[in-house]
Structures are given as structure tokens and as C-alpha cells.
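J.: Sequence and predicted structure are below.
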Amino acid sequence: MIILVDYNLTGYIVLFQGTLVAGGWLDLLPIRFITLKEAGLDADTSDRVIWKFAQSHQLPFTLNC
């Protein structure tokens, strides 16, 4: 599973991914987090464009509320 990460959450995802690794969860469920940059999107991309991108690529999306 690939999850698109909002640019505001990049640091938190690193910590969360470390927790998943330490708990052995990634051995059970392969999860890959990608940043907007890795997805080819700029950090200032509008929420609407990010949402449409995530929808069209069937990517779950984390966001900062």
C-alpha cells in the first residue's frame, strides 16, 4: 500500500514509520509513504489538485487538519 503524505506531515511520518518498523507491522502489511515531491507534486500544490491526484492514483492521503 502506498500512502501519499502531505508536506506538513513529512517529519511525523518518519516517526510513525519507525514505530511501524519497531512493532513489526511492516512485515505484516507492506506500507510505503511517499511525499508530494516523490509523487511529482510541488509543496505549494493546491489541496484540490492533490486530492484529485490521490483519487486518480487510488492513493490514501494523509493531511494536516
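T.: Here it is on my side, so go on.
J.: where does the chain have its least confident helix or strand?
T.: strand 61-62 (a mean of 79; mean pLDDT, DSSP states H and E).
J.: quick one, helices of the chain?
T.: For the chain, the helices defined by DSSP state H occupy 10-22, 25-28, 47-56.
J.: hmm, back to that, and the least confident helix or strand of the chain, what does it pack against?
T.: For strand 61-62, the packing partners by 3 or more CB pairs under 8 Å, 6 or more residues apart in numbering; DSSP states H and E come out as strand 2-5, helix 47-56. From N, CA and C alone the C-beta is placed, and that goes for glycine too.
J.: Asp27 is nearest to which of these?
T.: Distance to Asp27, taken as CB to CB, is lowest for strand 2-5 among these, at 17.3 Å.
J.: Centre of the chain to the closest one, how far?
T.: Strand 2-5 sits 3 Å away from the centroid of its parent chain (CA atoms, centre = their mean, to the nearest Å).
J.: what mean pLDDT would you report for that strand?
T.: The pLDDT scores in strand 2-5 average 92.
J.: thinking again about what came up before, I'd like the helices of the chain as CSV, with mean neighbour count and mean pLDDT appended.
T.: As requested, the helices of the chain are exported to CSV (neighbours: other CB atoms under 10 Å; pLDDT from 0 to 100):
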stretch, mean neighbour count, mean pLDDT
helix 10-22, 12, 91
helix 25-28, 11, 91
helix 47-56, 13, 93
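J.: picking that back up, need the helices and strands packed on strand 61-62 in TSV (columns: distance to Trp25).
T.: Listed next are the helices and strands packed on strand 61-62 as TSV, based on distance: least, CB to CB, whole Å:
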stretch	distance to Trp25
strand 2-5	13
helix 47-56	22
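J.: Thr35: which of these is closest?
T.: Comparison of the helices and strands packed on strand 61-62 against Thr35 by CB to CB identifies strand 2-5 as nearest, at 5.5 Å.
J.: how about Pro60, what does it touch?
T.: Counting by CB atoms under 8 Å, 6 or more residues apart in numbering, Pro60 touches Met1, Ile3, Leu4, Ala54.
J.: Let me know the pLDDT of it.
T.: pLDDT, Pro60: 89.
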